[in-house]
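Chemist: following is a predicted model, sequence given first.
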Amino acid sequence: MQGTEFDEADFFRAIAESGARALLIGRRALIVLGIPVLTADYDFWIHIDDAGRLNAAVERFGLAPTHSPEQARARGRYVLENDERVDVLVARSVPTVDGVRVAFDDLWERRQQLPGVPGASLFVPGLDDLILTKRFGGRPKDLEDIRLLEALRAEGGE
Amino acid sequence: MRPVTRPTAEARARMRALAERTLSAAEWKSALAIPLLEAEREEALSLVRWFRRRYPTPLERLAYARRAYRRWRAAMPHEEKS
């Protein structure tokens, strides 16, 4: 499938129907919350047992995993790719650059569901948790994103 | 007025490396300690209010982001498109 023809609603529906516990993180999560930033890829953090389900769900979009679910669990991340690129974090917990250990189960418990995708459940972390995930990479652009998210948090989120 | 000159490929690569590098824990801590100024907060929220008003649903926002990325990519020099 060509990137320009990618049907995002269908993509999110397929993930929801698969039952995979998947949180949209990264800059696309900022975008759905209402912060216009530039990004090329999708970032998901999924439950450590759900890589197989996710892979099966997105196979019809031509997205191929770079690693098997077993390899992905061992590495902590993998990529689904064709013209689109989906970075998938598959770890029970991830440390931030300043040493805070963030657990998937905690974020999943506090997730927020976004309306506006007919027939699909689109889950993102709560604002505080999304800020925590921005501390995984520790890059200057993550700092910029954190400041934007903090501004949004001060306004009361969405 | 002097014409604008495009940075060399080497300069662009250095800028990319700087933007993508991982900060040290000390750099990160000191950057996070800088408070959000009222003007910065208001500018960010103004952008958010416009974006949410113009694109009310997540799917509309994602579609806008895809168009914006395609425009940005089309304007980039060839070696930065990979």
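Modeler: Cool, got the structure.
Chemist: may I have the phi/psi pair for residue 65?
Modeler: Here I'm looking at chain A. phi -80, psi 140 (degrees, to the nearest 10).
Chemist: other chain: chain B
Modeler: phi -60, psi -40.
Chemist: if I pick the most centrally placed residue in chain B, what's in contact with it?
Modeler: The centre of chain B sits closest to residue B:19, judged by C-alpha atoms, centre = their mean, with a distance of 10.0 Å. Residue B:19 sits next to A:139-141 when contact means C-beta atoms under 8 Å, 6 or more residues apart in numbering or on different chains. The C-beta positions use only the backbone N, C-alpha and C, and glycine is treated the same way.
Chemist: among the residues you listed, which lie within helices?
Modeler: A:140-141 (DSSP state H).
Chemist: the closest residue to residue A:30 other than its chain neighbours in helix, strand or coil?
Modeler: For residue A:30, ignoring the flanking residues on the chain, the nearest one in space by C-beta to C-beta, 6 or more residues apart in numbering or on different chains is residue A:37 at 5.3 Å. Following DSSP: H, G, I helix; E, B strand; the rest coil, residue A:37 is assigned to coil.
Chemist: roughly how far does residue A:37 sit from residue B:72?
Modeler: Distance of residue A:37 to residue B:72, computed by C-beta to C-beta, to the nearest Å: 11 Å.
Chemist: among the two, which residue is more densely surrounded?
Modeler: Legend: neighbour count by other C-beta atoms under 10 Å in any protein chain shown for residue A:37 and residue B:72, higher for residue A:37 (18 against 11).
Chemist: could you report the pLDDT at residue A:115?
Modeler: Here, the pLDDT recorded for residue A:115 equals 82.
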